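Engineer: pasting the sequence and the predicted model now:
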Number of protein chains: 2
Amino acid sequence: MKKILFTLIVLSFVYNGINSQTQSHNLMPVPGKLKFTGKKFRINENFKAGITGGSSIRVEKGVNRMLKRLAGRTGLFFENPFVLKGINEDSVDMSVSFADSVKVKLFMDEAYGLNVSENKITLSARSDIGILRGLETLLQLMDSDSAGYYFHGVKINDAPRFPWRGLMIDVCRHFMPIDVIYRNLDAMAAVKMNVLHLHLSEDQGFRIECKTFPKLHLKASDGFYFTQEQIKDIIKYADERGIRVVPEFDIPGHATSWLVAYPEYASMPGPYKLQRGWGIFDPVFDPTKEQTYEFFDEFFKEMTALFPDDYFHIGGDENNGKHWKANERIQKFMNEHGFESTSELQAYFNKKISKILSKYNKNMIGWDEILEPGIPKNIVIQSWRGKEGLIKAARNGYYAILSNGYYIDLIQPTDFHYLNDPLPEDIELTDDEKKYVLGGEATMWSEFVSPETIDSRIWPRTAAIAERLWSPQHVKNIDDMYRRLETVSFRLEELGVTHIKNYGMMLRRLTNNQDISALKTLVDVLEPVKIYKRNSLRRHFQQSPLTRVVDAARPDQKVARIFRKKVVEFVSTNDIKIRNFIEDKLKIWSNNHSKVEKLSERSPVLNEIIPQSKNLRDISTIGLQAIDFIKNKNVPSAEWIDLAKKIIEKAKLPVAQTELMIVEGIEKLVETVLN
Amino acid sequence: MKKILFTLIVLSFVYNGINSQTQSHNLMPVPGKLKFTGKKFRINENFKAGITGGSSIRVEKGVNRMLKRLAGRTGLFFENPFVLKGINEDSVDMSVSFADSVKVKLFMDEAYGLNVSENKITLSARSDIGILRGLETLLQLMDSDSAGYYFHGVKINDAPRFPWRGLMIDVCRHFMPIDVIYRNLDAMAAVKMNVLHLHLSEDQGFRIECKTFPKLHLKASDGFYFTQEQIKDIIKYADERGIRVVPEFDIPGHATSWLVAYPEYASMPGPYKLQRGWGIFDPVFDPTKEQTYEFFDEFFKEMTALFPDDYFHIGGDENNGKHWKANERIQKFMNEHGFESTSELQAYFNKKISKILSKYNKNMIGWDEILEPGIPKNIVIQSWRGKEGLIKAARNGYYAILSNGYYIDLIQPTDFHYLNDPLPEDIELTDDEKKYVLGGEATMWSEFVSPETIDSRIWPRTAAIAERLWSPQHVKNIDDMYRRLETVSFRLEELGVTHIKNYGMMLRRLTNNQDISALKTLVDVLEPVKIYKRNSLRRHFQQSPLTRVVDAARPDQKVARIFRKKVVEFVSTNDIKIRNFIEDKLKIWSNNHSKVEKLSERSPVLNEIIPQSKNLRDISTIGLQAIDFIKNKNVPSAEWIDLAKKIIEKAKLPVAQTELMIVEGIEKLVETVLN
């Protein structure tokens, strides 16, 4: 590869933080340094992009994909739909140059400079990965007016705040085929994420072909696993997008599937059966036998050769220690070693595992629980139980990433995740200690998602997490985040992500192919129950349907969110336009129930949601009456107040694992009447 | 495998053809013998399905998939979500039994018997493939009423009319990744198709990894090809669904990609470049060199080992012979052998190729053109240019399949394909000759489809072709086909097929995320230009956008089709309800243009369709006026008649490669006024 002299191109202007904040744009994550020039670079069919410095198949493919997406959005028939190579800067409209093609790894260089003037686009970086990040920024700068399509004129100098910006996908509770992984890698790249963490083993299934111990995938997967060829394809696909792939094999607990295949390494005698439901289970590896470590040595030998990343995740979470306590031989071993708790035994296990991984040139990463005295310093802690784990790790000189607050399976709103900063201003860490905080990972646990619904749980909320991990700390305006998220979410569809289109599909199935509009009106204001409430429904398990209203309903429903916001605005301003908006919504909702009921006649799967549909009708009626009281400055009767409160309390209860997301708004209206 | 005594279970009742025709059901393809009992088998969470005879992983997985789809539709949490094995017939609700697990191949046994009574479902077959076919029938028998979900009581004895019911997918003009193949295999299985024909080499790309001649996929694919592991996965996936995979390597013409990699086998000196556009190209293998056959011998040795099917497709179409005529040495060769035409030289080539394939135990299949004197009798002719090829083949004792009339890339309406019978009653073949007609294949050429749009070109029309090839000849009521197709199409969504959901997605992109309803109103009555008209636009090529209105518009648009039908009904009946329906539509259309125009302001990609939107407005206005004339029995002025004719003629012209599909209806209204 020819080395070229590299200088970041955007140096001459004074950055203006206010400018980048006030100019309305659709960039997500917001670049580190950004200045809009007010100029427009017009896109037409003669548009020519060329690599004018550096050589990298990643960049070639990246620019080609960029051109294809641009053609897809604009309908333009580019005369040069492939990137030009070895070409002079003056003969192209867009010049791409970089110094090195680098390895995808932690601390890789992702910085880039992007300069869009009226007649020239210059994208430069030290590494080819930086170029990929810049190409995504450029695509987000595309806009249109009556004269056609253009890129906004900008001067950008950009680099990530954190080097570890990940998404974990649990392919165990429900297996996710390779196309789910591909499209999510594309989406991750679009928002500059750089780590795909694959959770590959669980109580419910072992999801990767193992040649050394083939019973793992043959006996403990129900036939749902990635072949090693598929894993190689995933790694290549990710690498081309500048994304690392970190595998996780969860041990010593969460281990039922391993022990279905090889019960000889268990702490209690087998045989074992795959878990079908959810929860924390007892089966656990026996850490006292040398054979267990011989097994892992051979297993890791194979798997570390397959996954090129320097980091290797061994889970380590939620071992309840029951089987260790129940086994006399293990108890004896603990006594002999002076271990007072099963955590100490697990620390012993982790140290031995870490040694094996070191032998294969891997650094260990694990959940909170692995941070026990004596664990070597080359590990990374993934903090999930709270921020304490992260802080403790950093103070003790361990690298750490944050996942607590990024549990996207828990159906919390986007702004909650968005404001969850790994290093908030008030964090009690010294500057030196802060350097140990590498970033974070959104975690997509898959108890309640299928290949049909998983995208809607990941996107668009994860784009906001991506911004938190990339953009400067001060970028945290929630309204602006939601505004930009709208466009980002829409654009993700071009990458095949199904979070929008599967909504209609699921409603069609739920209505049995009737007109979906009434059901949509209802589900638009429903969300699945939050946190671990859905788990409490014991009948749920691996083969249960994930096609019900609760599954169609998406997190952070926009219609409900806007309604709540408008109510807040209305009660403080008494603005008539806002009141009309609210009344229009309430009227639609109060008239919707009979339609849903009619739909259910030809679709019994809707029966379970009928009480929720009634709640919507009743609570909207209360809302309309409350507005009337406010409008006419009337005082409601005691009976009405009683009724209103009753209806509100009832509407707060989940129905068929869904929550009605406008109750808070109605409650506010009623409170306003009472004050 | 334990052999069990097998008897078809449904023998005792008298089949009633009229019964099966008059009872409204959603079966497609319609079974050979079908009787509804009027009873209902209620589905609840205790539903138990078991294999009571036979052993086959195909059936196990098949029943599990069936249960999963059933749960998905009904929201039921089955207590037994997996099929029970080795179980007594009395202890299950649904008993599945069969004699043999068979090889997926031509003439495999696909017959089954299905008996649904009030409290028992019995599915039996000689082969496990027959069971798979029966499972799909059972899923189509699912229905619901206010009491919940049930299967219709039936007695069915079913077997296909033709043994070869295929879908060809061209993965060359535009590459189709493996998930496109998977979901289409699922959809094929749902309508009982049994051959996936993969068109793997073309002028535009070579789409499969070749270990013997790696330059084929490395130099002539732009990186878009199936690895052999992926091909194995596809074959396995297809096999589990009772579907054969027939590979096609198109030679000696359509061969540019081969010659990019290995120009030494070309008829003219290289180097060659991949074709980017569409058409018939000159590059062709040199059939006079022994090395050419040595090359193919090695190539086929590798590929025949990869593909287990007995049939191997060598294309053989559209060789224009130009390079053969231009090469003196080839001309000399022809003279020496007494070949008077390049067809004769190609026949010589084919015979030699056929011999190589025989060596590897494969029967050759090729397009029409390969039927030349002296070609061995073990070949199959795929008739694409007309039915003559099929007839000629059958008369001469060659097996043949029909594709002429099943070219789904040509955007013709469903009923056209549906009525295209490989063996119509009036065909001039003896009963013995008819046996040589094996069935047919829908052909999905991919010049104008992307992974986003291909499903909408294949489905649902191919379901009607599947019925033509499976069901008895007399099943050909078009209205009933369209009625059933509606449900079949809707149900295909559960298999991941994107023909419905990508419509909305594409309209969202086209509107730049504005409200799509006005654009949908327009595109609902547009179809892409038919036959080869789109080809004539020379600027189209491999990297061109396939995201325009013409791509969002689907074949056989339902709204337009129903409108045309209603107009025919109206002019013959003068029915007021129908007139109101027509007027309502026309009013919506005549008021739609300003909305589309407004959308285009924020989405320049819509500019090209503005004239079509105006056409819709203008022609609908004419339609409304025509109805007024009819209503009021008024006579229009000569000016109006002139204007109406002008507007109609204008609206017949394609705009941006789309056709307005209601023109015929409006023309009929105007004619009615004039008569």
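Structural biologist: Structure's in. What do you need?

Engineer: can you map out the helices along the stretch 51-200 of chain A?
Structural biologist: Along the stretch 51-200 of chain A, counting by DSSP state H, counting those that start in this stretch, helices occupy A:57-74, A:128-140, A:178-190.

Engineer: is it true that A:Lys631 touches A:Arg579?
Structural biologist: Yes. Between A:Lys631 and A:Arg579 there is a contact under CB atoms under 8 Å: 7.4 Å. Where you see a C-beta, it was placed from the backbone N, CA and C, and this is true even at glycine.

Engineer: more neighbours, those two?
Structural biologist: Higher neighbour count among A:Lys631 and A:Arg579: A:Arg579, with 18 against 12, using other CB atoms under 10 Å in any protein chain shown.

Engineer: so the nearest residue to the more buried one once chain neighbours are set aside is in which element?
Structural biologist: Closest residue to A:Arg579 apart from its sequence neighbours, by CB to CB, 6 or more residues apart in numbering or on different chains: A:Phe570 at 5.7 Å. In this structure, A:Phe570 sits in helix A:558-573 according to DSSP states H and E.

Engineer: buried residues, that helix. List them.
Structural biologist: Neighbour-count burial for helix A:558-573 flags A:Val559, A:Ala560, A:Arg561, A:Phe563, A:Arg564, A:Lys566, A:Val567, A:Glu569, A:Phe570, A:Val571 (criterion: 16 or more other CB atoms under 10 Å in any protein chain shown).

Engineer: just stretch A:100-113 next, same as before
Structural biologist: Neighbour-count burial for stretch A:100-113 flags A:Asp100, A:Ser101, A:Val102, A:Val104, A:Leu106, A:Met108, A:Asp109, A:Glu110, A:Ala111, A:Tyr112, A:Gly113 (criterion: 16+ other CB under 10 Å).

Engineer: any idea which of those is closest to B:Lys501?
Structural biologist: Ranked by distance to B:Lys501 (CB to CB), the buried residues of stretch A:100-113 are led by A:Val104 at 33.1 Å.

Engineer: give me phi/psi at that closest one?
Structural biologist: With angles defined as degrees, to the nearest 10, A:Val104 sits at phi -80, psi 110.

Engineer: the spatially closest residue to A:Val663 that is not a sequence neighbour: how many residues sit nearby?
Structural biologist: If the residues on either side of it in the chain are set aside, A:Val663 comes closest to A:Ala651, at 4.8 Å by CB to CB, 6+ apart. Neighbourhood size, A:Ala651 [other CB under 10 Å]: 23.

Engineer: and the gap between A:Ala651 and chain B?
Structural biologist: Between A:Ala651 and chain B the distance is 22 Å, computed by CB to the nearest CB, to the nearest Å.

Engineer: what does the host helix or strand of that residue rub up against?
Structural biologist: Assigned by DSSP H and E, A:Ala651 belongs to helix A:638-652. Helix A:638-652 is contacted by residues A:615-616, A:618-619, A:622, A:625-626, A:636, A:660, A:663, A:666-667, A:670, A:674 when judged by CB atoms under 8 Å, 6 or more residues apart in numbering or on different chains.

Engineer: pLDDT weak spots in the stretch 451-600 of chain A?
Structural biologist: Applying pLDDT under 70 to the stretch 451-600 of chain A picks out residues A:537-538.

Engineer: rerun that using 90 as the cut-off
Structural biologist: Applying pLDDT under 90 to the stretch 451-600 of chain A flags the ranges A:532-543.

Engineer: helix/strand/coil for the most centrally placed residue in chain A?
Structural biologist: Nearest to the mean C-alpha position of chain A, by CA atoms, centre = their mean, lies A:Thr462 at 3.7 Å. Secondary structure for A:Thr462, judged by DSSP: H, G, I helix; E, B strand; the rest coil, is helix.

Engineer: once you drop chain neighbours, what's closest to it?
Structural biologist: Per CB to CB, 6+ apart, closest to A:Thr462 is A:Ala442, 4.8 Å.

Engineer: so what's the one you found up against?
Structural biologist: A:Gly166, A:Leu167, A:Met168, A:Ser403, A:Tyr406, A:Tyr407, A:Ile408, A:His417, A:Ile458, A:Arg461, A:Thr462, A:Ile465.

Engineer: show me what contacts whichever residue of the stretch 401-550 of chain A sits closest to chain B?
Structural biologist: Taking CB to the nearest CB, chain B has its nearest neighbour within the stretch 401-550 of chain A at A:Gln543, 3.4 Å off. A:Gln543 sits next to A:Arg276, B:Leu67, B:Lys68, B:Ala71, B:Phe78, B:Pro81, B:Phe82 when contact means CB under 8 Å, 6+ apart.

Engineer: quick one: the first one from A:His540, how far?
Structural biologist: A:Arg276 is 10 Å from A:His540, where distance means CB to CB, to the nearest Å.

Engineer: picking up where we left off before, TSV for the helices of the stretch 51-200 of chain A, including mean pLDDT and mean neighbour count?
Structural biologist: Formatted as TSV, these follow (pLDDT from 0 to 100; neighbours: other CB atoms under 10 Å in any protein chain shown):
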stretch	mean pLDDT	mean neighbour count
helix A:57-74	97	20
helix A:128-140	98	25
helix A:178-190	98	22
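
Engineer: how is chain A partitioned into domains?
Structural biologist: Annotated domains of chain A cover A:17-158, A:502-674 [automatic domain parsing].

Engineer: report whether the first one contacts chain B.
Structural biologist: Spelled out, that is domain A:17-158. Yes. Contact of domain A:17-158 with chain B (CB under 8 Å from any CB of the partner chain) involves A:61, A:67-68, A:71-78, A:81-82, A:144, A:146-149.

Engineer: thought A:Val284 was touching A:Tyr272?
Structural biologist: No. Taking CB under 8 Å as the definition, A:Val284 is not a contact partner of A:Tyr272, at 10.9 Å.

Engineer: quick one: distance of stretch A:637-655 to the chain centre.
Structural biologist: 36 Å (CA atoms, centre = their mean, to the nearest Å).
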